[in-house]
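*Asks:* Here is my input; please provide its structure:
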Amino acid sequence: MGILTKIERVARQLRMFLIVAVALSSAAVPSAAAESPLYSYGKACKKALPFYRQGWAEILEKGRWTEAERLYREAVAVAPDCVIAKSVLGRITVDAAERKSLITQIQASMENVDPHGRLILEPYLKTLILISARDTAQSLSEDFRGDLTKAAISNYQIFLEHYPEEWAVRVEYIEWIHAEQGPQMALEAIQKMSQERPGDGARFSYFPAYFHAELGAYEQATELARQFVQGLGPGDWPQEHYINAFIAYQLGDYSAASQSVKQALVLDPRHLIAERLSKKIDAAMAP
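*Replies:* As a prediction, this is how the structure comes out:
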C-alpha cells in the first residue's frame, strides 16, 4: 500500500505539472479565438469584401480615388445587395443623380443589416444625405451636422470595441474626433489606440502628420509624413504629394504647396481632398 500511495502521489504531482505547463503555454501564445476578427459585413457582402477593403486602402493610404471608385463599382456589381459598398460608392461618385438613387436603395435595405453593420452604416448614410443636400442646395436642419458628428463618434467607438482591427473605421473615427475636438484630441486618441494595439498602431493613414502640421509641429509632421510614405512601398502615390502640399500650406509656403497638390491631381484628378486643398492654396495665393 505504501508503494501504491507513493505512485499515486507522484501521478497527482505529474498531472498538476502538466496542467500548469499547459496554462502557461496558453498564456504565452494567444489562441485564435482570443483574436478580434474582422467584421464580416454580412453574407450579402462576401464576394464584395476584397474590393471593398482594397478600396479603402486606395483612398486612405495611396490616395487613388479613381481606382477606389472602380473597386467599389466592382464590389456592387458582384454583390448588388452589399449596402455598405453602395454607401462608399455614393460618397465617391460625382453623379448627383446616382448618389440620390443609392441613398434610396440604402434606406430601403437598412433593416437587412445587422446591428454592428448599422453602427457604421448610419453615419455613412447621413453623410450621403449631407453631400446630396449640397448637390441640390437643399437646406438641412441646423443640428444635422452636429448630430451626425456625435452619432459617428459614438457609433464608431462602439463598433471598434468589437472589431478593433477594422483600421478604415478606426481612421474615420479619428477624423470625426478631429472634426469635433481638434487635432490635439485626435492625436491623443491615436496614441491611446496605438498603445492598445501596438501591432498595427501605425496604420492611421497620413493623419498623424496632418494633425502635427495643424499644431505647428512641422518637423515632426514632415518626419511622420516621410514614415507614412515609406510604408506605402515603391511607387509615385498621390497621397505623398497631398500630405506634402498640406504641410507646405500650413507653413505658408504656398508655392511649394501648389506644386505638390498639382502633382497629386496629375496622378489622380479625382483626389477629392486634394481638390479642396488646391482651392485653398489658390485663394491664399490670390492677390
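*Asks:* Tell me how far the closest residue to I247 other than its chain neighbours lies from E111.
*Replies:* Spatial nearest neighbour of I247, excluding adjacent residues (CB to CB, 6 or more residues apart in numbering): A213 at 4.7 Å. In this view, the C-beta of every residue, glycine as well, is placed from N, C-alpha and C. Distance, A213 to E111, using CB to CB, to the nearest Å: 43 Å.
*Asks:* re the thing from before, I figured the residue nearest to I247 hits E219, correct?
*Replies:* No: judged on CB atoms under 8 Å, A213 makes no contact with E219 at a distance of 10.2 Å.
*Asks:* Between these two, point out the one with more neighbours.
*Replies:* A count of neighbours by other CB atoms under 10 Å puts A213 above the other of A213 and E219, at 24 against 8.
*Asks:* And that one, how far from Y156?
*Replies:* Distance, A213 to Y156, using CB to CB: 24 Å.
*Asks:* now swap in A274 and tell me
*Replies:* Taken as CB to CB, the span from A274 to Y156 is 25 Å.
*Asks:* swap in V88?
*Replies:* Counting by CB to CB, the separation of V88 from Y156 is 15 Å.
*Asks:* Please apply the same query to I92.
*Replies:* 20 Å.
*Asks:* who's more crowded, the two?
*Replies:* Using other CB under 10 Å as the criterion, I92 and Y156 rank with Y156 on top: 23 against 19.
*Asks:* Could you check which helix or strand contains the more buried one?
*Replies:* Secondary structure assignment for Y156, by DSSP states H and E: helix 144-162.
*Asks:* Can you name the element that comes right after that helix?
*Replies:* With DSSP H and E, the next secondary element past helix 144-162 is helix 167-181.
*Asks:* How far does whichever helix or strand comes after that next one sit from its chain's centre?
*Replies:* Using DSSP H and E, the helix or strand that directly follows helix 167-181 along the chain is helix 183-196. Its chain's C-alpha centre and that of helix 183-196 lie 14 Å apart, by CA atoms, centre = their mean, to the nearest Å.
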